[in-house]
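Trainee: the following comprises the amino acid sequence and a computationally predicted model.
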Amino acid sequence: MKNLFYLTVTALMLLSSCQQSQSQQPAQSSTQEVKNATVETILSRRSIRSYKPEQINEQQLDTIINCAINAPSANNKQPWEVRVVQNPELMKEIVDGYKAFSKNDRSPFYNAPTLIVVAYQKDNRYGQLDCGWLGQNILLAAESMNIGTCVVGGPVKYFNSPEAKSVVDKLKFSEGYEILYTITMGYKNESPDAKPRDKNRVQVIK
């Protein structure tokens with residue numbers, strides 16, 4: 001009887017020790033359970049062409065711009081200048097000017113409450129490329145906050161024309177800079193599906 005008691009106590013101690021050891025081990029997760037916020041943001045981002053009327057808040061905008069200017073650039077030259085247009089009168093002036101220039105009555109900015117205008121330093125050989133990195137940071141930072149964006153290049157020809165001089169002067173870009181693209185921004189009013197991507201365009205050479 002005494003031997004049975006000792007055997008029972010020993011077994012319980014071993015079981016307790018095993019359970020404690022297992023509880024101290026890091027939890028094992030399957031590949032499906034491991035989430036990467038950056039990857040999820042990249043894969044969930046869509047071009048948004050319908051926005052709610054309310055303006056994004058200043059803290060969100062500050063974060064987005066801070067992410068933008070932390071983009072890489074060749075030799076850290078940062079050959080970009082960015083203007084954030086939230087003034088309704090200036091936005092209307094830009095839209096009206098574009099409509100008259102293009103003879104198109106459609107607004108190019110989808111009534112977004114915020115318009116970001118990016119210009120590059122023309123004498124910098126990597127200026128356009130560096131501004132591309134800056135723009136991608138804007139798109140992904142905004143998406144991480146569920147803020148919609150759309151890169152709009154159509155109005156660039158208007159911006160860089162003599163007809164737009166009075167409007168561009170109000171944006172106060174430095175001399176030697178030229179507008180490269182614009183980005184509309186605002187709270188999403190749509191959830192479009194992803195468009196097909198052709199993975200065959202990528203080849204791995206080993």
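Mentor: Received, thanks.
Trainee: quick check: what element follows the helix or strand of the chain with the lowest mean pLDDT along the chain?
Mentor: Least confident helix or strand, the chain: helix 2-23 with a mean of 41, by mean pLDDT, DSSP states H and E. Next in sequence after helix 2-23, counting helices and strands by DSSP states H and E, comes helix 37-44.
Trainee: partners of the lengthiest strand in the chain, with directions?
Mentor: Scanning the chain for the longest strand, with DSSP state E as the assignment, gives strand 177-187. Sheet pairing of strand 177-187 (DSSP bridges) gives strand 114-121 (antiparallel), strand 147-152 (antiparallel).
Trainee: okay, the ones you listed in JSON lines with mean pLDDT next?
Mentor: Formatted as JSON lines, the strands paired with strand 177-187 follow (pLDDT from 0 to 100):
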{"stretch": "strand 114-121", "mean pLDDT": "98"}
{"stretch": "strand 147-152", "mean pLDDT": "98"}
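Trainee: figure out which of those strands is closest to residue 68.
Mentor: Evaluated over the strands paired with strand 177-187, closeness to residue 68 peaks at strand 114-121, with 8.4 Å, by C-beta to C-beta. All C-beta spots, glycine's among them, are computed from the backbone N, C-alpha and C.
Trainee: tell me how far the closest one lies from the chain's centre.
Mentor: Relative to its chain's centre, strand 114-121 lies at 14 Å (C-alpha atoms, centre = their mean, to the nearest Å).
Trainee: cool, stretch 160-169 as well?
Mentor: In terms of C-alpha atoms, centre = their mean, the gap separating the centre of stretch 160-169 from the centre of its chain is 28 Å.
Trainee: so where's the chain shaky on pLDDT?
Mentor: Applying pLDDT under 70 to the chain flags residues 1-33.
Trainee: of all the strands paired with strand 177-187, which one is nearest residue 178?
Mentor: Closest to residue 178 of those is strand 114-121 (C-beta to C-beta; 5.9 Å).
Trainee: got the CA positions of the longest strand of the chain in PDB?
Mentor: Extracted in PDB, the C-alpha atoms of strand 177-187 (Å, rounded to 0.1, in the frame of the first residue of the first chain):
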ATOM      1  CA  TYR A 177      10.900  72.000 -59.200                       C
ATOM      2  CA  GLU A 178       8.300  70.500 -61.400                       C
ATOM      3  CA  ILE A 179       5.000  68.800 -60.400                       C
ATOM      4  CA  LEU A 180       5.300  65.100 -61.000                       C
ATOM      5  CA  TYR A 181       2.000  63.600 -59.700                       C
ATOM      6  CA  THR A 182      -0.900  64.200 -57.300                       C
ATOM      7  CA  ILE A 183      -2.600  61.900 -54.700                       C
ATOM      8  CA  THR A 184      -6.200  62.200 -53.600                       C
ATOM      9  CA  MET A 185      -6.800  61.400 -50.000                       C
ATOM     10  CA  GLY A 186      -9.800  60.900 -47.700                       C
ATOM     11  CA  TYR A 187     -11.900  58.500 -45.700                       C
END
